[in-house]
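Enquirer: here is my input, please return the structure:
(2 chains)
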Amino acid sequence: MNFTFDWNETFFILSSLVSLTIFFILPKRFNGFVTFFIWLFAIVYIETIDYTLGVKPYDLYDFLDGPKYQPTTAFAHFALYPSCAYIFLYFYDKWGLKGISLLMYIVVWTVISVFYEWLCVLNEVLHYKEWKIFYSIPTYPISCFIMIKLFQFIKQNFKHSPH
Amino acid sequence: MVLLLFVFINIVVAVYAIRYKKTGLDPLEIFAYWCFTVILIQNNSALLHLNIEGIILSERESYNWADLLNRLIFLPIFFVWFINRYVRTANRKEKAILFFLSLNIVVGIEWFGDWVGLYEHKHWEIWWSYLSKGTMLLLALIFMKIFRHYYYKRDKANEFYV
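Expert: Sure thing, here's the model as predicted:
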């Protein structure tokens, strides 16, 4: 378990801190439990994908210094991805997006996400083995769709909660 | 064949969980316990497999999918069932019996996975399985206690939007 701490870890942590800062400076919109549910699910979602595609038999990519599960990766799983998911849902809900505007919103998020992934590759956060960046393009709209469905599930059940 | 077996087990468990309405838990509460348990199980598995190398996952694709199904459906639903039973049991002695029974079942599931070849334990003592799974059950209970404490304390000001 020998982990180094150099630029790629720093880049990953800085990205997480930027995302967390945006999360904290956004005016509070949802009940704390709604945020908590979004946060929990985003962790489950990203960990499931990384722990399925990043290990054998697929072994499509590694994070940071190799195949080990590293503290910086864990930090990103628990901070970067959930805060991004929250920011995505925050504006989706605030602007009441539907139809073409929702489609455009998802396209913009896909472009930003693919660009960030490319930065991760450049900064050696992500090491592709059998993966290519264009494989990622369809995964982001699917992730957006899943997060919207999750949000609707929470909203529907929050109303009916016996409290 | 092994994948089919686990697909069948997971479908049975999922259908049972959906149809079994006699639960004292709120849907979002179940969702929170499911998420928390999946995070526990996956982090435990990732650390043991990638860092400690105490378990070696099979490199057969179908076995990997079977293990994924167990991590996402079978084990988390069992944990939710355990929490639900724990909440509904008033007697301390019965709670302790439930805990030890559940611990043995979870360890049994882990070693059943080893036996059919989903993964292999390396340089592993069985009491480590009891220790890790016992810790996970305890963490699930602590999470449940904290969650319920705040979740059911919400007042009418606590709507979906702030």
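
Enquirer: C-alpha from now on. contacts and neighbour counts both.
Expert: Noted.

Enquirer: so A:E124 sits in a strand?
Expert: No: A:E124 is assigned coil when assessed by DSSP: H, G, I helix; E, B strand; the rest coil, not a strand.

Enquirer: number of nearby residues for it?
Expert: A:E124 has 19 neighbours, counted by other C-alpha atoms under 10 Å in any protein chain shown.

Enquirer: that one touches A:N8, doesn't it?
Expert: Yes: contact criterion C-alpha atoms under 8 Å: A:E124 and A:N8 qualify, at 5.6 Å.

Enquirer: which parts of chain A are strands?
Expert: A:61-63, A:126-128 (DSSP state E).

Enquirer: any idea which of these is most buried?
Expert: Highest mean neighbour count of the strands of chain A: strand A:61-63, a mean of 20 (counted as mean count of other C-alpha atoms under 10 Å in any protein chain shown).

Enquirer: for it, packing partners?
Expert: strand A:126-128 (3 or more C-alpha pairs under 8 Å, 6 or more residues apart in numbering or on different chains; DSSP states H and E).

Enquirer: pLDDT on the strand it packs on, on average?
Expert: The average pLDDT within strand A:126-128 is 96.

Enquirer: mind giving me the packing neighbours of that strand?
Expert: strand A:61-63, helix A:99-122.

Enquirer: please repeat the previous calculation with a cut-off of 7 Å.
Expert: Helices and strands touching strand A:126-128, by 3 or more C-alpha pairs under 7 Å, 6 or more residues apart in numbering or on different chains; DSSP states H and E, are strand A:61-63.

Enquirer: what residues does chain A put near chain B?
Expert: A:1, A:28-31, A:37, A:40-41, A:44, A:56-57, A:67-69, A:157-158, A:161, A:163 (C-alpha under 7 Å from any C-alpha of the partner chain).

Enquirer: one more time with 8 Å, if that's ok
Expert: Contact residues (C-alpha under 8 Å from any C-alpha of the partner chain) of chain A with chain B: A:1, A:28-31, A:33-34, A:37, A:40-41, A:43-44, A:47-48, A:51-52, A:56-57, A:67-69, A:154-155, A:157-159, A:161-163.

Enquirer: quick check on those residues: which are buried?
Expert: A:30, A:33-34, A:37, A:40-41, A:43-44, A:47-48, A:51-52, A:56-57, A:67-69, A:154, A:158 (16 or more other C-alpha atoms under 10 Å in any protein chain shown).

Enquirer: give me the common contacts of A:E124 and A:N8.
Expert: Residues touching both A:E124 and A:N8 (C-alpha atoms under 8 Å, 6 or more residues apart in numbering or on different chains): A:L64.

Enquirer: do the helix or strand of chain B with the lowest mean pLDDT and chain A meet at all?
Expert: Lowest by mean pLDDT, DSSP states H and E among the helices and strands of chain B is helix B:2-19, with a mean of 90. No: figure legend: helix B:2-19 not in contact with chain A (C-alpha under 8 Å from any C-alpha); closest approach 15.0 Å.

Enquirer: export that helix as PDB, just CAs?
Expert: Extracted in PDB, the C-alpha atoms of helix B:2-19 (Å, rounded to 0.1, in the frame of the first residue of the first chain):
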ATOM      1  CA  VAL B   2     -23.200 -20.100 -11.100                       C
ATOM      2  CA  LEU B   3     -24.400 -16.800 -12.600                       C
ATOM      3  CA  LEU B   4     -27.900 -18.300 -13.200                       C
ATOM      4  CA  LEU B   5     -28.000 -19.500  -9.600                       C
ATOM      5  CA  PHE B   6     -27.200 -16.000  -8.300                       C
ATOM      6  CA  VAL B   7     -29.600 -14.300 -10.700                       C
ATOM      7  CA  PHE B   8     -32.300 -16.600  -9.400                       C
ATOM      8  CA  ILE B   9     -31.400 -15.900  -5.700                       C
ATOM      9  CA  ASN B  10     -31.200 -12.200  -6.300                       C
ATOM     10  CA  ILE B  11     -34.600 -12.100  -8.200                       C
ATOM     11  CA  VAL B  12     -36.200 -14.100  -5.300                       C
ATOM     12  CA  VAL B  13     -34.700 -11.800  -2.700                       C
ATOM     13  CA  ALA B  14     -35.700  -8.600  -4.700                       C
ATOM     14  CA  VAL B  15     -39.300  -9.800  -5.300                       C
ATOM     15  CA  TYR B  16     -39.600 -10.800  -1.600                       C
ATOM     16  CA  ALA B  17     -38.400  -7.300  -0.600                       C
ATOM     17  CA  ILE B  18     -40.800  -5.600  -3.000                       C
ATOM     18  CA  ARG B  19     -43.800  -7.700  -2.000                       C
END
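
Enquirer: since that was my last question, I'll sign off now.
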